[in-house]
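[1] compute the structure for the input listed below.
(2 chains)
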Amino acid sequence: MESFVVRYRNLLVLLALLVAQILGLAMQVRRANSGQGDGQEVRLIRLWANGIVSPPEKVLHHTGSGVSWIWNNYFDLRHARQENVDLQKTIDRLRLEQAALLEDAKQGQRLQALLNFEQKYIYKTLPAEVIGTSGSEQSRVFTINKGRKDGIDRDMAVITPDGIVGKVRDVFGHTAQVLAINDQSSGAGVIMESTRIRGILRGNAQGRPEIVDVISDQRIKQGDKVLTAGGDQIFPRGLPVGVVDKVVNDPERDGFVDVILKPTAHLDQLDEVLVITATEPQFSQQQQQDIATSEALKGAEAEKQKTSEGMAEKLPGLIDPNLPSDQQPLNDTSNPGFPSKPTQALHPDRFTPANAAPPASVTPNDGQAPPKKPETPKQADQRNPAPQGDKQ
Amino acid sequence: MSVLSADARREFEIHRYPALIYALVPVLAVVLQAWLPRVLPRFARFDLPLVITVFFALSRRSPIQGSILGGVLGIFEDALTGRPIGINGIAKTLIGYLAATVGILVNVENHAVRLIMTFLLSLVGSATYFFVVRFLLGMSADTNWIAELYKAIGNSVIALVLFPLLDRTKIRD
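    This is a model prediction of the structure:
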């Protein structure tokens, strides 16, 4: 027996290592199928690997960034002063605009809450830099330089201004692993903008994002925009995902197609990403002050507008700015309540509106007869004597 | 290509390196494999830990050491991916074992032999990886063998540059 072990020890060690790893795989797959995440041991291995690999990655990343920073700043500083002035102006303007938008968003959210909409908004993001990858083409996972101590948590959405990127898969102290949307194990709820067809987005074996299990539909066209649907509790609704690149038949199911997308975010060349850390309103003190100022300004304006509207209601409206000239209330003859234009005089005289002398040109006793005194009844009888026959 | 008995070759041609090299080089390989694709996206097609596994397995000529080193490097690679741990581990355990076993039988000082060994073992590694993914885990895998052929050639070129550099760190009696 001893000689057998000694003779075949290399092979036995190999078999032991292989069997141990196969059993480990089987346990992981079983946990994954039952909806559980990584086990304690697997998580520990990932933690160790990340703890060993991340520090050198950070050093390499910062070294590379430092060299490019020095080089770029030499050129950037040449126009920095003027740019600072311009940017400060832009910031001032944007702060006011942002305050107004935040207030509108608050109002909109209040209204939606009334309508029982459960929609998530992006209120707080944390910028992070990509410092490493999984190192394999079969796995679309990358490492960012922000972790639990920066407020990152598992399943937080990761985006760029262009579109969604993925979700946080594992969180460590100062780093986190992000599962990109083009990985085979990823998943996100999406909707096609024009056709409103919903589906689940995941990566295929070639590393391209695709919407799977979609019932064949002729309306799906190349170039259609795809947005997040918001039903997965990870990505807020309405974020750009990509455009339809091509539609292929599902090889496993008749009548179903896979819609392959071209992602809007540059998934292969990510430098900086944004992690959505809060989807509830969390305004800073400055933002709250700006909102209060904006509300006060809006209140004063609203008061003014209310007063002018009250005045307008009391006064007759002869001219409606929203109507063409031939439909103005002034020209409407069907309504007897409105004063109409005077009809054309048959025998124009000096009292006809067009012939009336302007008031400035009229002076007292300018060649006209003096005003008559009122007649007494006797004077009237003398001027108009009664007929003779009547007296008899 | 001379063929000797395993014990004789192991006695005469076993290579030894400083402990720092044993510790640093595998870690550096995993770090570079994870970091370089960020700068050069196409580097993800190659496999630096595989090259290092082959190098140490050939040099040490110990199947047990080769298996363990390959297994550890593979598990580290798996830990950086979102996939189950053990896929690369199984593939590289096998590669470490095969490289050390063949290293006992042939003269691995020859650069051409090393090149061919790396090329063939790279293909074996790819085949094992896809076997585990497809048949043991039931996952879909992109089996583009032309790409795997290019990957094997790339790994051989890396080995061609790296092996002479690492040979310089060898402890000479």
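
[2] now do the contacts for A:I220.
    A:192, A:195, A:197, A:214, A:244, A:247, A:257, A:259 (CB atoms under 8 Å, 6 or more residues apart in numbering or on different chains). C-beta here means a position set from N, CA and C on the backbone, and glycine is covered the same way.

[3] cool, and A:I211?
    Counting by CB under 8 Å, 6+ apart, the residues that A:I211 touches are A:190, A:192, A:199-201, A:226, A:258-259, A:261.

[4] are any of those buried, and which?
    Buried by 16 or more other CB atoms under 10 Å in any protein chain shown: A:190, A:192, A:199-201, A:226, A:258-259, A:261, out of the contacts of A:I211.

[5] pick the one among the contacts of A:I211 closest to chain B.
    Minimum distance to chain B across the contacts of A:I211 is 11.8 Å, recorded for A:D258 (CB to the nearest CB).

[6] for that closest one, give me its contacts.
    Taking CB under 8 Å, 6+ apart, one finds A:204, A:210-212, A:214, A:247-250 in contact with A:D258.

[7] quick one: the strands in chain B?
    Shown for chain B, no strands are assigned by DSSP state E.

[8] quick one: low-confidence ranges for it?
    B:1-13, B:173 (pLDDT under 70).

[9] same for the helix ranked longest in it, what does it pack against?
    Secondary structure of chain B read by DSSP state H shows that its longest helix is helix B:145-167. The elements that helix B:145-167 packs onto, with contact taken as 3 or more CB pairs under 8 Å, 6 or more residues apart in numbering or on different chains; DSSP states H and E, are helix B:48-60, helix B:111-131.

[10] hmm, 10 Å instead?
    Using 3 or more CB pairs under 10 Å, 6 or more residues apart in numbering or on different chains; DSSP states H and E, the elements in contact with helix B:145-167 are helix B:19-39, helix B:48-60, helix B:111-131.

[11] run the angle between it and helix B:48-60 for me.
    50 degrees (axes from the mean of the first three to the mean of the last three CA atoms, to 10 degrees).

[12] now A:G64. Nearest residue, chain neighbours left out?
    Among residues not flanking A:G64 along the chain, B:V39 sits closest, at 7.2 Å (CB to CB, 6 or more residues apart in numbering or on different chains).

[13] make TSV from the contacts of A:I211 and add pLDDT to it.
    Output for these, formatted as TSV (pLDDT from 0 to 100):
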residue	pLDDT
A:V190	93
A:M192	92
A:G199	91
A:I200	92
A:L201	93
A:V226	93
A:D258	91
A:V259	93
A:L261	94
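
[14] picking up where we left off before, so of the contacts of A:I220, which ones are in strands?
    Filtering those for strands - DSSP E - leaves A:192, A:214, A:244, A:247, A:257, A:259.

[15] which residues of the stretch 251-392 of chain A score low on pLDDT?
    Using pLDDT under 70, the flagged stretches of the stretch 251-392 of chain A are A:280-284, A:298, A:310-322, A:325-345, A:350-392.

[16] so which bits of it are right by chain B?
    A:268-271 (CB under 10 Å from any CB of the partner chain).

[17] try 8 Å this time
    Within reach of chain B by CB under 8 Å from any CB of the partner chain, the stretch 251-392 of chain A has these residues: A:268-269.

[18] helix, strand or coil for the closest residue to chain B within the stretch 251-392 of chain A?
    Going by CB to the nearest CB, chain B is nearest to A:D268 of the stretch 251-392 of chain A, at 5.3 Å. Secondary structure, DSSP: H, G, I helix; E, B strand; the rest coil: A:D268 is coil.

[19] excluding its backbone neighbours, what's nearest it?
    Closest to A:D268 by CB to CB, 6+ apart is B:P41, at 5.3 Å.

[20] how near is that neighbour to A:D86?
    35 Å (CB to CB, to the nearest Å).

[21] any regions of the stretch 1-150 of chain A where pLDDT drops low?
    A:1-2, A:75-76, A:110, A:113-123.

[22] tell me which parts of it are close to chain B?
    A:9-10, A:13-14, A:17-18, A:21-22, A:24-25, A:28-29, A:32, A:42, A:45-46, A:48-50, A:52-53, A:56-57, A:60-61, A:64, A:130-143.

[23] which of those residues fall in helices?
    Reading helices off the residues of the stretch 1-150 of chain A next to chain B with DSSP H, I get A:9-10, A:13-14, A:17-18, A:21-22, A:24-25, A:28-29, A:32, A:42, A:45-46, A:48-50, A:52-53, A:56-57, A:60-61, A:64.

[24] which other residues reach the longest helix of chain B?
    Outside helix B:145-167, the residues within contact range by CB under 8 Å, 6+ apart are B:17, B:21, B:25, B:45-48, B:50-52, B:54-55, B:111, B:114-116, B:118-120, B:122-123, B:126.

[25] same question, stretch A:63-71
    A:129, B:39.

[26] next one: the residue nearest to B:V54 when sequence neighbours are not counted from A:T63, what distance?
    Counting by CB to CB, 6+ apart, B:V54 lies nearest to B:A99, which is 4.8 Å off, once chain neighbours are set aside. B:A99 sits 33 Å away from A:T63, going by CB to CB.

[27] who has more neighbours, these two?
    Legend: neighbour count by other CB atoms under 10 Å in any protein chain shown for B:A99 and A:T63, higher for B:A99 (31 against 10).

[28] thought the more buried one was touching B:L58?
    Yes - if you go by CB atoms under 8 Å, B:A99 and B:L58 touch, sitting 5.4 Å apart.

[29] overlap in contacts of these two?
    Joint contacts of B:A99 and B:L58 (CB under 8 Å, 6+ apart) are B:M117.
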